[in-house]
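> 3D model of this:
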Amino acid sequence: MTIKVTAICSSEATLAALDAPDPARTGMVFTAQTGSVHTLASVLLRDHPDVALLELPEADEQAMELIEVALIKEPGAHIVLVSPDRSVEFMKRAMRAGVREVVPAPLTPKIVRQSIANLHRELLGKVLAMVPAKGGAGATFLATNLAYALSRQGKRVAVLDLNLYFGDAAIFLGDKKVVSSLVDLARQSQRLDSSLLNSSMIKVSESLHLLGASESPEDASEVSTAAVERIIELARCSYDFVLLDVSATLDQIAIKALDMADTIYLTLQLNLPFVRAAKDMAAVFRQLGYSSEKLSVIVNRYEKGDTISLGDVETATLLKIGRTIPNSHIAASASVNQGIPILQMAPRDPVTRALLAWAQELAPGAVEPNKGWWQQLMSPSS
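As a prediction, the model looks like this:
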């Protein structure tokens with residue numbers, strides 16, 4: 001997905017100060033021109049931008065009416081006003097006119113970057129990081145099978161295997177061999193673009209792609225945080241959801257990935273070693289500045305009546321339980337051993353139902369391609 005951004009500057013001096021970001025690296029096509037609120041409608045109709053930054057030195061009722069008219073003709077545009085007026089009355093009137101954001105003047109490259117960053121959550125794919133409290137939590141199983149569930153609903157989904165030393169996410173989704181790994185892409189970071197990323201992916205299906213880890217652990221040292229950042233940014237420009245399979249070892253690469261995630265799923269099972277590890281990892285997350293809204297605890301292989309309760313986990317981690325995945329050892333083991341997603345192998349299994357419910361929560365209203373309302377009603381998730 002490429003985002004089209006246009007800036008309407010009030011002066012030639014402002015225009016000259018703006019830099020055009022590299023579209024191959026940012027997934028953004030940026031244009032800038034001089035103009036005013038009077039030219040907004042014609043710019044929107046001509047360029048059809050996703051985002052329009054409008055410098056508005058002086059605001060009055062006529063300006064608000066012109067913005068309203070422009071948005072009636074191009075309702076999908078995301079308008080950001082750049083104005084010296086910071087009054088509450090102006091902010092409210094701008095929002096009633098359909099403006100999505102008001103930022104302080106002047107219009108600078110920093111303002112452009114900040115505005116685009118603020119829009120990532122709405123206009124770009126969601127980045128979800130699955131990280132185990134410790135090895136054996138089932139994070140890779142959940143990452144790959146949740147990705148499959150989302151793809152079944154017509155979403156374009158990517159899985160990035162960030163277990164740089166012993167990553168094996170590829171075997172959970174089939175028997176296709178990793179030809180070009182994340183390490184290979186990192187080596188080519190200077191020329192990395194969306195086309196190169198796409199050609200490096202294992203095509204599990206038309207809508208589900210996977211970037212595997214290298215089979216040589218010694219190659220991990222060649223992966224830089226800058227390369228990982230570029231790969232994730234390109235992926236979120238091309239996919240609706242990007243699932244990161246992150247190692248429990250919180251090195252610089254893992255932390256960079258977690259920094260970029262919209263949601264971090266801390267995965268554990270209900271036994272003491274996992275809960276202790278989750279407590280320690282949650283403390284690290286707080287030290288890294290992650291908010292509670294960004295973090296979600298996933299209890300895998302859950303069974304009611306365990307000695308350790310869900311409340312014990314919440315007390316230890318100071319985080320709410322986001323979801324439980326039931327224990328279905330036979331079906332899950334068969335899925336892993338045969339490299340077939342559990343949704344495909346056991347469509348009525350409790351784990352399948354839990355994953356489908358999770359996918360529906362992430363993508364409300366999404367439906368499986370070529371599946372009618374009656375089939376939807378009678379599906380395992382109904």
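> mind giving me the domain split of this protein?
Per automatic domain parsing, the structural domains of the chain span 3-121, 125-378.
> Of those, flag the one that's most buried.
Per-stretch averages of neighbours, counted by mean count of other Cβ atoms under 10 Å, single out domain 125-378 among the domains of the chain, with a mean of 18. For the C-beta atoms, the positions are set from N, CA and C on the backbone; glycine is no exception.
> Redo the domains of the chain as a markdown table? Include mean pLDDT.
Below are the domains of the chain laid out as a markdown table (pLDDT from 0 to 100):
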| stretch | mean pLDDT |
| --- | --- |
| domain 3-121 | 86 |
| domain 125-378 | 91 |
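> then stretch 336-348 to CSV, C-alphas only?
Provided in CSV are the C-alpha atoms of stretch 336-348 (Å, rounded to 0.1, in the frame of the first residue of the first chain):
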residue,chain,number,x,y,z
VAL,A,336,2.8,-28.5,13.9
ASN,A,337,4.2,-31.9,12.9
GLN,A,338,2.5,-31.8,9.5
GLY,A,339,3.0,-28.1,8.8
ILE,A,340,-0.7,-27.5,8.2
PRO,A,341,-2.5,-24.6,10.0
ILE,A,342,-4.8,-25.9,12.6
LEU,A,343,-7.7,-24.0,11.0
GLN,A,344,-7.3,-26.1,7.9
MET,A,345,-6.6,-29.4,9.7
ALA,A,346,-9.2,-29.2,12.5
PRO,A,347,-11.8,-26.6,11.6
ARG,A,348,-14.0,-27.3,14.6
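> what comes into contact with that stretch?
With contact meaning Cβ atoms under 8 Å, 6 or more residues apart in numbering, stretch 336-348 is reached by 141, 144-145, 148-149, 152, 171-175, 328, 331-332, 334-335, 349, 351-352, 355-356, 380.
> what does stretch 65-81 give?
Stretch 65-81 has contacts (Cβ under 8 Å, 6+ apart) with 37-38, 40-41, 44-45, 48-54, 56, 59, 94, 97-103, 115, 119, 122-123.
> which residues pair with Met130 across the strands?
Met130 has these beta-bridge partners by DSSP bridges: Asp245, Tyr265.
> List the contacts of it.
139-140, 142-143, 146, 243-246, 265, 267, 298.
> Could you do Glu58 as well?
Per Cβ under 8 Å, 6+ apart, neighbours of Glu58: none.
> gap between it and Glu65?
For Glu58, the distance to Glu65 equals 14 Å [Cβ to Cβ, to the nearest Å].
> Repeat that for Ala213.
56 Å.
> next one: Phe172
Relative to Glu65, and taking Cβ to Cβ, Phe172 is found at 56 Å.
> how about the helices of the stretch 251-382 of the chain, start to end?
When secondary structure is read from DSSP state H, counting those that start in this stretch, the stretch 251-382 of the chain shows helices at 252-260, 272-287, 310-317, 329-338, 342-345, 350-362, 373-378.
> what would those helices look like in CSV with distance to Arg156?
Converted to CSV, those look like this (distance: least, Cβ to Cβ, whole Å):
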stretch, distance to Arg156
helix 252-260, 18
helix 272-287, 29
helix 310-317, 32
helix 329-338, 23
helix 342-345, 17
helix 350-362, 13
helix 373-378, 20
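> Which one of those helices lies nearest to Ala17?
With Cβ to Cβ as the measure, helix 252-260 is the member of the helices of the stretch 251-382 of the chain nearest Ala17 (28.1 Å).
> How about the backbone phi and psi for the closest residue to Pro57 other than its chain neighbours?
Spatial nearest neighbour of Pro57, chain neighbours left out: Ser10 (5.3 Å); criterion: Cβ to Cβ, 6 or more residues apart in numbering. Ser10 adopts backbone torsions of phi -80, psi -10, taken as degrees, to the nearest 10.
> wait, Ser10 sits on Val37?
No - using Cβ atoms under 8 Å, Ser10 makes no contact with Val37, being 9.6 Å away.
> Give the residues shared as contacts by those two.
Leu56.
> returning to what we had before: so can I have CSV of the contacts of Met130 showing distance to Gly311?
Shown next, in CSV, are the contacts of Met130 (distance: Cβ to Cβ, whole Å):
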residue, distance to Gly311
Ala139, 23
Thr140, 27
Leu142, 22
Ala143, 26
Leu146, 25
Leu243, 29
Leu244, 29
Asp245, 29
Val246, 27
Tyr265, 19
Thr267, 18
Ile298, 16
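> Show me where the protein has its strands.
3-9, 28-34, 51-55, 78-83, 101-104, 126-132, 157-162, 202-203, 208-211, 241-246, 263-268, 295-302, 321-326 (DSSP state E).
> Just want the angle from the longest one to helix 272-287.
Between the axes of strand 295-302 and helix 272-287, defined by axes from the mean of the first three to the mean of the last three Cα atoms, to 10 degrees, the angle is 170 degrees.
> go on, the last one?
Angle, strand 321-326 to helix 272-287, by the same axes, to 10 degrees: 150 degrees.
> next one: the third one
Computed with the same axes, to 10 degrees, the direction of strand 51-55 lies at 30 degrees from that of helix 272-287.
> and strand 51-55, how far from the chain's centre?
With Cα atoms, centre = their mean, to the nearest Å as the basis, strand 51-55 stands 24 Å off its chain's centre.
> ok, now the last one?
Centre-to-centre, strand 321-326 and its host chain are 20 Å apart (Cα atoms, centre = their mean).
> Could I get the CA-only coordinates of that strand as CSV?
Coordinates of each C-alpha in strand 321-326 appear next as CSV, following Å, rounded to 0.1, in the frame of the first residue of the first chain:
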residue,chain,number,x,y,z
ILE,A,321,-5.2,-11.0,30.3
GLY,A,322,-6.1,-10.2,26.7
ARG,A,323,-7.0,-13.7,25.6
THR,A,324,-6.8,-17.4,26.5
ILE,A,325,-6.2,-20.1,24.0
PRO,A,326,-7.6,-23.5,25.1
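> Perfect, I'm done here.
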